[in-house]
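> Turn this into a model:
(one chain, ligands or ions: 2)
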Amino acid sequence: MSKHFSGFVNILGKPNAGKSTLLNLLIESKLSITNKKAQTTRRRILGIWNDESHQVVFSDTPGIIDKPAYKMQEKMNGYIYQSFEDADIILYLADVTDPQPWADATAELLNKSDIPCLLILNKKDLKPGISLDEIEAKLPNNVNWTDILLISALDLSDRERVMARVIDLLPEGPEYYPKDQLSDLNERFFVSDIIRQNILALYSQEVPYSCEIVIENYTESQKNNLPFAHINATIYVSRPTQKSIIIGKKGEKIKQLGIRSRQEIEEFLGHPVFLDLYVKIKENWRDDEKLLKSFGY
Ligand SMILES: Nc1nc2c(ncn2[C@@H]2O[C@H](COP(=O)(O)OP(=O)(O)OP(=O)(O)O)[C@@H](O)[C@H]2O)c(=O)[nH]1
Ligand SMILES: [Mg+2]
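Numbers count the residues shown, from 1 in each chain. Ligands and ions are numbered 1, 2, ... in the order given. The predicted structure follows:
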């Protein structure tokens, strides 16, 4: 039998460095939501890439927060420490436009780790003519990088360079997941993340950070001989004022949110859905251990 190579490749870096954009580029799919606001990703998201003799299990992580202000952010950081332990390869992403492209919390971990680590300098399109030396000067000097690549995660032509290095470093190993599986997360998760992405796009400032989406009901059926899903989602917010912002004047805003989300969910699932959105207040859910647990953190 011919050899098979596989491994867990964890993408780490500060909030907004472009980790989710890079994951989507590498697996050629819009799996992980991206946004110009920091702290978009809240959980680990696996994205799996296969060919006949390779399986790469990429893991997108929340941005590293040096000083967590909420329990939720501590949980988010927890996913990062965990991803140091189970990685075969680390992709450390640094934004070349960030005056401080480095999170202190990870410097020591990387320094101690013997996992191969590629430093990926991202958003090169925003700094034409930038040199590697200039950026390296801002990074800790005691990490033993396996390689350094300067890329733009929005540029498909940079995909091959990163993939080639990852495949070079993959150890021999089994198929951890069936070859046709794209992620470890289910449709409910992606539906709730599509709604969250639209909240990030439609509402400003603090509001999106105060929202958590829970899919209360997801019933699959048939309508006119086609698959159909009935979905009820609750948007939890932490204050009454946030509830009225989400709903908007005469319900206009939540209606817009519902329409946009439904269209994207239908595109993602490939069939029509009925989407019902409901808003509930749970004071300070971001600091409530029990609630965070029930939300799956
Ligand atoms: N110009 C440019 N923008 C980029 C590039 N890569 C990512 N972005 C943008 O940077 C913003 C943040 O990207 P994300 O992929 O959401 O960043 P992230 O690291 O996953 O962020 P968190 O989940 O919040 O930690 C988005 O608006 C992306 O479109 C790039 O190479 N060039
Ligand atoms: Mg992200």
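> Show me the contact partners of the longest helix anywhere in the chain.
Criterion DSSP state H: the longest helix present in the chain is helix 252-269. Helix 252-269 is contacted by residues 187, 190-191, 194-195, 197-199, 201-203, 227, 229, 231, 245-248, 272-277, 279 when judged by C-beta atoms under 8 Å, 6 or more residues apart in numbering. (Each C-beta comes from the backbone N, C-alpha and C, glycine too.)
> Which residues of the chain lie near ligand 1?
Residues of the chain found near ligand 1 (C-beta under 6 Å from any ligand atom) are 13, 15-21, 34-36, 38-41, 62-63, 122-123, 125-126, 152-154.
> Doesn't residue 6 lie inside a strand?
Yes. Counting by DSSP: H, G, I helix; E, B strand; the rest coil, residue 6 falls inside a strand.
> distance of it from residue 192?
29 Å (C-beta to C-beta, to the nearest Å).
> before we move on, what about residue 265?
10 Å.
> in stretch 151-159, what's buried?
Within stretch 151-159, the residues scored as buried using 16 or more other C-beta atoms under 10 Å are 151, 152, 153, 158, 159.
> Mind telling me what element the last one is part of?
This points to residue 159. helix 159-169 (DSSP states H and E).
> How far does the longest helix of the chain sit from its chain's centre?
20 Å (C-alpha atoms, centre = their mean, to the nearest Å).
> could you point out which element follows it?
Next along from helix 252-269, by DSSP H and E: strand 273-281.
> which residues does residue 147 contact?
118, 119, 165.
> my guess is the last one contacts residue 149, does it?
Yes. The pair residue 165 / residue 149 is scored as a contact, 6.8 Å apart, by C-beta atoms under 8 Å.
> Give me the neighbour count for residue 49.
Residues lying near residue 49 (other C-beta atoms under 10 Å) number 19.
> How much space separates it from residue 183?
Counting by C-beta to C-beta, the gap from residue 49 to residue 183 is 11 Å.
> How about residue 262?
From residue 262 across to residue 183, the span is 22 Å (C-beta to C-beta).
> What of residue 38?
Using C-beta to C-beta, residue 38 is found at 23 Å from residue 183.
> ok, the two, which is more surrounded?
Taking other C-beta under 10 Å, residue 38 and residue 183 do not tie; residue 183 has more neighbours (19 against 13).
> just to revisit the earlier point, could the buried residues of stretch 151-159 go into a markdown table alongside pLDDT and distance to residue 256?
Rendered in a markdown table, the data for these read as follows (pLDDT from 0 to 100; distance: C-beta to C-beta, whole Å):
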| residue | pLDDT | distance to residue 256 |
| --- | --- | --- |
| 151 | 96 | 35 |
| 152 | 97 | 32 |
| 153 | 98 | 29 |
| 158 | 96 | 35 |
| 159 | 97 | 34 |
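> Nearest to ligand 2 among those?
Nearest to ligand 2 among the buried residues of stretch 151-159 is residue 153, at 10.9 Å by C-beta to the ion.
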